[in-house]
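Enquirer: sequence first, predicted model second:
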Amino acid sequence: MKPTIYDVAGKAGVSIATVSKVINDTGRISEETRNKVLKIMRELEYQPSSVAAALTGKQTFTIGVLVPDISNAFFAEVARALENNAREMGYSIILCSTDYQIEREHDYLELLQKKQVDGIIIATEPEDWKAYKSLQKRDIPHLMFSVDSLRFSSHIVTTDDVRGGYMAGRYLLDMGHREIAIIAEQNRASGRMRLEGFKKSLADEGVVLESEWTLNAMSKIDDAKAAARKILQMVNRPTAVFASTDLIAAIFIKEARKAHIRIPNDLSIVGFDDSIYAELTEPGLTTIAQPKQELAKFAMDQLLKLIKDPKLPQQRIIISPRLVERKSVRNLNNL
(Lines give C-alpha, C1' and ligand atoms only; values in the text may rest on other atoms or scores of the structure.)
Protein backbone atom coordinates (compact mmCIF):
# COMPACT_ATOMS: atom_id res chain seq x y z
CA MET A 1 0.00 0.00 0.00
CA LYS A 2 1.27 3.46 -0.88
CA PRO A 3 2.64 5.29 2.20
CA THR A 4 0.86 8.47 3.29
CA ILE A 5 1.86 11.60 5.15
CA TYR A 6 0.25 10.01 8.23
CA ASP A 7 2.65 7.06 8.02
CA VAL A 8 5.63 9.40 7.85
CA ALA A 9 4.41 11.47 10.79
CA GLY A 10 3.69 8.36 12.89
CA LYS A 11 7.08 6.71 12.32
CA ALA A 12 8.97 9.99 12.80
CA GLY A 13 7.03 10.79 15.97
CA VAL A 14 6.01 14.25 14.77
CA SER A 15 2.80 15.98 13.73
CA ILE A 16 1.41 16.00 10.18
CA ALA A 17 1.94 19.77 10.16
CA THR A 18 5.66 19.23 10.81
CA VAL A 19 5.95 16.78 7.90
CA SER A 20 4.12 19.29 5.70
CA LYS A 21 6.58 22.02 6.70
CA VAL A 22 9.51 19.76 5.77
CA ILE A 23 7.97 18.92 2.39
CA ASN A 24 7.21 22.55 1.55
CA ASP A 25 10.32 23.96 3.23
CA THR A 26 8.30 26.37 5.37
CA GLY A 27 8.17 27.30 9.04
CA ARG A 28 10.76 26.95 11.77
CA ILE A 29 11.98 23.39 12.26
CA SER A 30 15.20 22.22 13.83
CA GLU A 31 17.77 20.68 11.51
CA GLU A 32 17.61 17.48 13.56
CA THR A 33 13.84 17.14 13.09
CA ARG A 34 14.07 17.99 9.39
CA ASN A 35 16.73 15.34 8.78
CA LYS A 36 14.74 12.79 10.77
CA VAL A 37 11.59 13.35 8.70
CA LEU A 38 13.56 13.25 5.41
CA LYS A 39 15.17 9.97 6.50
CA ILE A 40 11.76 8.39 7.22
CA MET A 41 10.43 9.64 3.88
CA ARG A 42 13.32 7.90 2.09
CA GLU A 43 12.85 4.69 4.10
CA LEU A 44 9.14 4.55 3.30
CA GLU A 45 9.74 5.74 -0.29
CA TYR A 46 7.12 8.42 0.32
CA GLN A 47 6.39 10.74 -2.62
CA PRO A 48 4.54 14.00 -1.77
CA SER A 49 1.39 14.57 -3.80
CA SER A 50 1.67 17.18 -6.56
CA VAL A 51 -1.99 18.01 -5.90
CA ALA A 52 -1.19 18.75 -2.28
CA ALA A 53 1.66 20.95 -3.39
CA ALA A 54 -0.67 22.82 -5.72
CA LEU A 55 -3.16 23.41 -2.92
CA THR A 56 -0.46 25.04 -0.82
CA GLY A 57 0.44 27.32 -3.73
CA LYS A 58 3.73 25.56 -4.39
CA GLN A 59 5.04 24.55 -7.80
CA THR A 60 3.94 21.14 -9.05
CA PHE A 61 6.92 20.92 -11.44
CA THR A 62 4.61 19.75 -14.20
CA ILE A 63 4.03 21.32 -17.63
CA GLY A 64 1.07 20.70 -19.91
CA VAL A 65 1.72 20.16 -23.62
CA LEU A 66 -1.18 20.42 -26.05
CA VAL A 67 -0.66 18.93 -29.55
CA PRO A 68 -3.19 18.37 -32.37
CA ASP A 69 -2.21 14.78 -33.24
CA ILE A 70 0.36 12.66 -31.41
CA SER A 71 0.22 10.05 -34.20
CA ASN A 72 1.86 12.62 -36.49
CA ALA A 73 5.59 11.92 -36.29
CA PHE A 74 6.49 15.62 -36.12
CA PHE A 75 4.45 16.17 -32.95
CA ALA A 76 5.64 12.87 -31.47
CA GLU A 77 9.26 13.92 -32.01
CA VAL A 78 8.56 17.40 -30.62
CA ALA A 79 6.88 15.90 -27.53
CA ARG A 80 9.90 13.72 -26.91
CA ALA A 81 12.27 16.69 -27.28
CA LEU A 82 10.13 18.76 -24.88
CA GLU A 83 10.04 15.92 -22.36
CA ASN A 84 13.82 15.48 -22.49
CA ASN A 85 14.35 19.19 -21.92
CA ALA A 86 11.77 19.23 -19.11
CA ARG A 87 13.44 16.29 -17.32
CA GLU A 88 16.81 18.01 -17.44
CA MET A 89 15.23 20.94 -15.63
CA GLY A 90 13.42 18.83 -13.04
CA TYR A 91 9.96 18.94 -14.63
CA SER A 92 7.49 16.37 -15.93
CA ILE A 93 5.05 16.89 -18.78
CA ILE A 94 1.39 15.99 -19.19
CA LEU A 95 0.84 15.37 -22.91
CA CYS A 96 -2.61 16.00 -24.40
CA SER A 97 -3.51 15.16 -28.02
CA THR A 98 -6.68 16.92 -29.24
CA ASP A 99 -7.13 15.12 -32.57
CA TYR A 100 -8.16 18.52 -34.00
CA GLN A 101 -11.37 18.45 -31.89
CA ILE A 102 -12.45 21.70 -30.21
CA GLU A 103 -14.36 19.95 -27.42
CA ARG A 104 -11.38 17.77 -26.56
CA GLU A 105 -9.13 20.85 -26.67
CA HIS A 106 -11.36 22.62 -24.12
CA ASP A 107 -11.52 19.54 -21.90
CA TYR A 108 -7.73 19.24 -21.82
CA LEU A 109 -7.23 22.93 -21.06
CA GLU A 110 -9.65 22.59 -18.15
CA LEU A 111 -7.90 19.43 -16.96
CA LEU A 112 -4.46 21.06 -17.06
CA GLN A 113 -5.75 24.01 -15.05
CA LYS A 114 -7.31 21.65 -12.48
CA LYS A 115 -3.98 19.82 -12.23
CA GLN A 116 -2.46 23.25 -11.56
CA VAL A 117 0.41 22.72 -13.95
CA ASP A 118 3.09 25.38 -13.69
CA GLY A 119 2.80 26.26 -17.39
CA ILE A 120 1.33 25.16 -20.73
CA ILE A 121 2.91 24.76 -24.18
CA ILE A 122 0.25 25.02 -26.90
CA ALA A 123 0.99 23.47 -30.30
CA THR A 124 -2.62 23.40 -31.51
CA GLU A 125 -4.25 25.92 -33.84
CA PRO A 126 -7.03 27.34 -31.64
CA GLU A 127 -10.44 27.88 -33.20
CA ASP A 128 -12.12 29.19 -30.05
CA TRP A 129 -9.85 31.85 -28.58
CA LYS A 130 -12.06 32.40 -25.50
CA ALA A 131 -10.71 29.24 -23.89
CA TYR A 132 -7.14 30.47 -24.35
CA LYS A 133 -7.84 33.98 -23.17
CA SER A 134 -8.89 32.48 -19.82
CA LEU A 135 -5.26 31.45 -19.38
CA GLN A 136 -4.25 35.09 -19.59
CA LYS A 137 -6.93 36.19 -17.15
CA ARG A 138 -5.73 33.61 -14.62
CA ASP A 139 -2.05 34.49 -15.22
CA ILE A 140 -1.17 30.91 -16.17
CA PRO A 141 2.25 30.90 -17.91
CA HIS A 142 1.85 29.65 -21.48
CA LEU A 143 3.35 29.95 -24.93
CA MET A 144 2.39 29.04 -28.48
CA PHE A 145 4.62 26.43 -30.10
CA SER A 146 4.84 26.18 -33.90
CA VAL A 147 1.77 28.42 -34.04
CA ASP A 148 2.05 32.08 -34.95
CA SER A 149 -1.15 34.12 -34.82
CA LEU A 150 -1.68 37.84 -34.38
CA ARG A 151 -5.13 37.11 -32.92
CA PHE A 152 -3.69 35.90 -29.63
CA SER A 153 -1.31 37.89 -27.44
CA SER A 154 1.22 35.32 -26.26
CA HIS A 155 4.85 34.28 -26.20
CA ILE A 156 5.67 32.37 -29.39
CA VAL A 157 8.36 29.88 -30.40
CA THR A 158 8.07 28.76 -34.00
CA THR A 159 9.73 28.06 -37.33
CA ASP A 160 9.83 30.67 -40.09
CA ASP A 161 7.12 28.96 -42.15
CA VAL A 162 6.99 31.62 -44.87
CA ARG A 163 10.72 31.22 -45.42
CA GLY A 164 10.38 27.44 -45.43
CA GLY A 165 7.66 27.54 -48.08
CA TYR A 166 9.78 29.89 -50.16
CA MET A 167 12.80 27.57 -49.87
CA ALA A 168 10.72 24.60 -51.08
CA GLY A 169 9.48 26.50 -54.13
CA ARG A 170 12.90 27.97 -54.87
CA TYR A 171 14.52 24.52 -54.75
CA LEU A 172 12.01 23.02 -57.20
CA LEU A 173 12.45 25.98 -59.54
CA ASP A 174 16.23 25.61 -59.40
CA MET A 175 15.79 21.95 -60.32
CA GLY A 176 14.03 23.02 -63.51
CA HIS A 177 10.40 22.54 -62.48
CA ARG A 178 7.78 25.04 -63.62
CA GLU A 179 4.58 23.00 -63.30
CA ILE A 180 4.30 22.62 -59.55
CA ALA A 181 1.37 21.76 -57.26
CA ILE A 182 1.04 22.21 -53.51
CA ILE A 183 -0.89 20.31 -50.84
CA ALA A 184 -1.14 22.56 -47.78
CA GLU A 185 -2.78 22.39 -44.37
CA GLN A 186 -4.75 25.56 -44.91
CA ASN A 187 -6.70 25.03 -41.69
CA ARG A 188 -3.48 25.78 -39.77
CA ALA A 189 -1.63 29.09 -39.74
CA SER A 190 1.64 27.25 -40.41
CA GLY A 191 0.20 25.67 -43.57
CA ARG A 192 -1.14 28.99 -44.80
CA MET A 193 2.23 30.67 -44.27
CA ARG A 194 4.08 27.86 -46.05
CA LEU A 195 1.66 28.31 -48.95
CA GLU A 196 2.31 32.06 -48.89
CA GLY A 197 6.09 31.59 -49.09
CA PHE A 198 5.74 28.97 -51.81
CA LYS A 199 3.56 31.27 -53.93
CA LYS A 200 6.07 34.10 -53.50
CA SER A 201 8.93 31.95 -54.80
CA LEU A 202 6.95 31.11 -57.95
CA ALA A 203 5.82 34.70 -58.45
CA ASP A 204 9.44 35.88 -58.29
CA GLU A 205 10.12 33.72 -61.37
CA GLY A 206 6.88 34.64 -63.15
CA VAL A 207 5.55 31.09 -62.73
CA VAL A 208 1.77 30.80 -62.43
CA LEU A 209 0.35 28.48 -59.78
CA GLU A 210 -2.75 26.93 -61.35
CA SER A 211 -5.80 27.03 -59.06
CA GLU A 212 -6.44 23.30 -59.54
CA TRP A 213 -2.87 22.63 -58.36
CA THR A 214 -3.49 24.22 -54.95
CA LEU A 215 -5.04 21.58 -52.71
CA ASN A 216 -6.11 21.77 -49.07
CA ALA A 217 -5.62 18.75 -46.82
CA MET A 218 -5.19 18.18 -43.10
CA SER A 219 -2.11 16.25 -42.07
CA LYS A 220 -4.18 13.09 -41.63
CA ILE A 221 -4.08 9.86 -43.63
CA ASP A 222 -7.51 10.05 -45.29
CA ASP A 223 -7.17 13.73 -46.22
CA ALA A 224 -3.68 13.23 -47.61
CA LYS A 225 -4.75 10.19 -49.64
CA ALA A 226 -7.63 12.10 -51.24
CA ALA A 227 -5.38 15.02 -52.20
CA ALA A 228 -2.68 12.72 -53.57
CA ARG A 229 -5.12 10.76 -55.70
CA LYS A 230 -6.60 13.96 -57.09
CA ILE A 231 -3.18 15.09 -58.35
CA LEU A 232 -2.12 11.66 -59.57
CA GLN A 233 -5.31 11.32 -61.65
CA MET A 234 -4.99 14.71 -63.35
CA VAL A 235 -4.76 14.71 -67.14
CA ASN A 236 -2.39 17.69 -67.03
CA ARG A 237 -0.33 16.48 -64.11
CA PRO A 238 2.38 18.74 -62.62
CA THR A 239 6.02 17.63 -62.66
CA ALA A 240 6.49 18.34 -58.94
CA VAL A 241 4.55 18.69 -55.69
CA PHE A 242 5.29 20.55 -52.46
CA ALA A 243 3.58 18.92 -49.46
CA SER A 244 3.37 21.18 -46.40
CA THR A 245 4.11 18.27 -44.03
CA ASP A 246 6.19 15.11 -44.31
CA LEU A 247 3.15 12.99 -43.44
CA ILE A 248 1.30 14.29 -46.50
CA ALA A 249 4.42 13.76 -48.62
CA ALA A 250 4.95 10.19 -47.36
CA ILE A 251 1.35 9.25 -48.16
CA PHE A 252 1.70 10.88 -51.58
CA ILE A 253 4.73 8.68 -52.34
CA LYS A 254 2.80 5.59 -51.28
CA GLU A 255 -0.21 6.50 -53.44
CA ALA A 256 2.09 7.23 -56.40
CA ARG A 257 3.61 3.78 -56.08
CA LYS A 258 0.12 2.22 -56.13
CA ALA A 259 -0.63 4.16 -59.32
CA HIS A 260 2.67 2.97 -60.89
CA ILE A 261 4.00 6.53 -60.97
CA ARG A 262 7.69 6.64 -60.18
CA ILE A 263 9.20 9.12 -57.71
CA PRO A 264 11.21 11.08 -58.81
CA ASN A 265 11.39 9.87 -62.45
CA ASP A 266 7.75 10.67 -63.24
CA LEU A 267 6.95 13.10 -60.45
CA SER A 268 9.05 14.93 -57.84
CA ILE A 269 8.04 15.85 -54.29
CA VAL A 270 9.32 17.98 -51.41
CA GLY A 271 8.04 17.74 -47.82
CA PHE A 272 8.25 19.87 -44.69
CA ASP A 273 9.39 18.93 -41.14
CA ASP A 274 12.25 16.42 -41.62
CA SER A 275 10.46 13.91 -39.39
CA ILE A 276 11.12 10.16 -39.35
CA TYR A 277 8.82 9.85 -42.39
CA ALA A 278 11.42 11.63 -44.52
CA GLU A 279 14.01 8.94 -43.78
CA LEU A 280 11.65 5.96 -44.08
CA THR A 281 10.15 6.76 -47.48
CA GLU A 282 11.58 5.18 -50.61
CA PRO A 283 13.13 7.17 -52.14
CA GLY A 284 14.26 9.32 -49.22
CA LEU A 285 12.25 12.55 -49.01
CA THR A 286 13.82 15.92 -49.74
CA THR A 287 12.28 18.20 -47.13
CA ILE A 288 12.41 21.51 -45.30
CA ALA A 289 13.73 20.68 -41.83
CA GLN A 290 12.25 22.22 -38.71
CA PRO A 291 14.91 22.49 -35.97
CA LYS A 292 12.90 20.43 -33.47
CA GLN A 293 15.59 20.22 -30.77
CA GLU A 294 16.21 23.97 -30.89
CA LEU A 295 12.50 24.73 -30.86
CA ALA A 296 11.97 22.49 -27.82
CA LYS A 297 14.89 24.01 -25.93
CA PHE A 298 13.80 27.60 -26.63
CA ALA A 299 10.22 26.73 -25.65
CA MET A 300 11.22 25.19 -22.32
CA ASP A 301 13.69 27.97 -21.51
CA GLN A 302 11.11 30.64 -22.29
CA LEU A 303 8.32 28.93 -20.34
CA LEU A 304 10.51 28.54 -17.25
CA LYS A 305 11.35 32.24 -17.41
CA LEU A 306 7.60 32.92 -17.55
CA ILE A 307 6.96 30.67 -14.56
CA LYS A 308 9.49 32.69 -12.54
CA ASP A 309 8.23 36.02 -13.88
CA PRO A 310 4.67 35.94 -15.36
CA LYS A 311 4.97 39.64 -16.28
CA LEU A 312 7.92 39.01 -18.61
CA PRO A 313 7.55 41.08 -21.83
CA GLN A 314 6.23 38.94 -24.67
CA GLN A 315 8.78 37.46 -27.05
CA ARG A 316 8.38 36.01 -30.54
CA ILE A 317 11.20 33.56 -31.27
CA ILE A 318 11.34 32.49 -34.92
CA ILE A 319 13.95 29.97 -36.06
CA SER A 320 14.98 29.51 -39.69
CA PRO A 321 14.43 26.09 -41.30
CA ARG A 322 16.92 24.41 -43.64
CA LEU A 323 16.72 22.25 -46.75
CA VAL A 324 17.60 18.57 -46.41
CA GLU A 325 18.21 17.08 -49.85
CA ARG A 326 17.53 13.39 -50.44
CA LYS A 327 16.30 11.55 -53.56
CA SER A 328 12.69 12.57 -54.16
CA VAL A 329 13.31 15.38 -56.67
CA ARG A 330 14.44 14.95 -60.28
CA ASN A 331 16.74 17.56 -61.82
CA LEU A 332 15.05 18.54 -65.08
CA ASN A 333 17.97 20.78 -66.03
CA ASN A 334 19.96 17.70 -67.02
CA LEU A 335 17.46 16.56 -69.65
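Expert: That came through fine.

Enquirer: hmm, G271 is touching I251, no?
Expert: No - applying C-beta atoms under 8 Å, one finds G271 not in contact with I251, separated by 10.4 Å. Glycine gets a C-beta too; all of them are placed from N, C-alpha and C.

Enquirer: ok, those two, which is more surrounded?
Expert: Neighbour tally, G271 and I251, criterion other C-beta atoms under 10 Å: the higher count belongs to G271, 30 against 27.

Enquirer: tell me the contacts of the more buried one?
Expert: If you count contacts by C-beta atoms under 8 Å, 6 or more residues apart in numbering, G271 has them with 243, 245-246, 248-250, 277-278, 285-288, 328.

Enquirer: could I get those residues as JSON lines with distance to F61, neighbour count and secondary structure?
Expert: Below are these laid out as JSON lines (distance: C-beta to C-beta, whole Å; neighbours: other C-beta atoms under 10 Å; DSSP: H, G, I helix; E, B strand; the rest coil):
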{"residue": "A243", "distance to F61": "39", "neighbour count": "32", "secondary structure": "strand"}
{"residue": "T245", "distance to F61": "33", "neighbour count": "29", "secondary structure": "coil"}
{"residue": "D246", "distance to F61": "33", "neighbour count": "29", "secondary structure": "helix"}
{"residue": "I248", "distance to F61": "37", "neighbour count": "31", "secondary structure": "helix"}
{"residue": "A249", "distance to F61": "38", "neighbour count": "30", "secondary structure": "helix"}
{"residue": "A250", "distance to F61": "37", "neighbour count": "24", "secondary structure": "helix"}
{"residue": "Y277", "distance to F61": "33", "neighbour count": "22", "secondary structure": "helix"}
{"residue": "A278", "distance to F61": "35", "neighbour count": "23", "secondary structure": "helix"}
{"residue": "L285", "distance to F61": "38", "neighbour count": "29", "secondary structure": "coil"}
{"residue": "T286", "distance to F61": "41", "neighbour count": "24", "secondary structure": "strand"}
{"residue": "T287", "distance to F61": "36", "neighbour count": "31", "secondary structure": "strand"}
{"residue": "I288", "distance to F61": "35", "neighbour count": "28", "secondary structure": "strand"}
{"residue": "S328", "distance to F61": "43", "neighbour count": "25", "secondary structure": "coil"}
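
Enquirer: which of those residues lies closest to E185?
Expert: Distance to E185 across these (C-beta to C-beta) is lowest for T245, with 6.4 Å.

Enquirer: which residue is the nearest non-sequential neighbour of that closest one?
Expert: Closest residue to T245 apart from its sequence neighbours, by C-beta to C-beta, 6 or more residues apart in numbering: S219 at 4.4 Å.

Enquirer: hang on, the one you found is in a helix, isn't it?
Expert: No - under DSSP: H, G, I helix; E, B strand; the rest coil, S219 sits outside any helix and is assigned coil.
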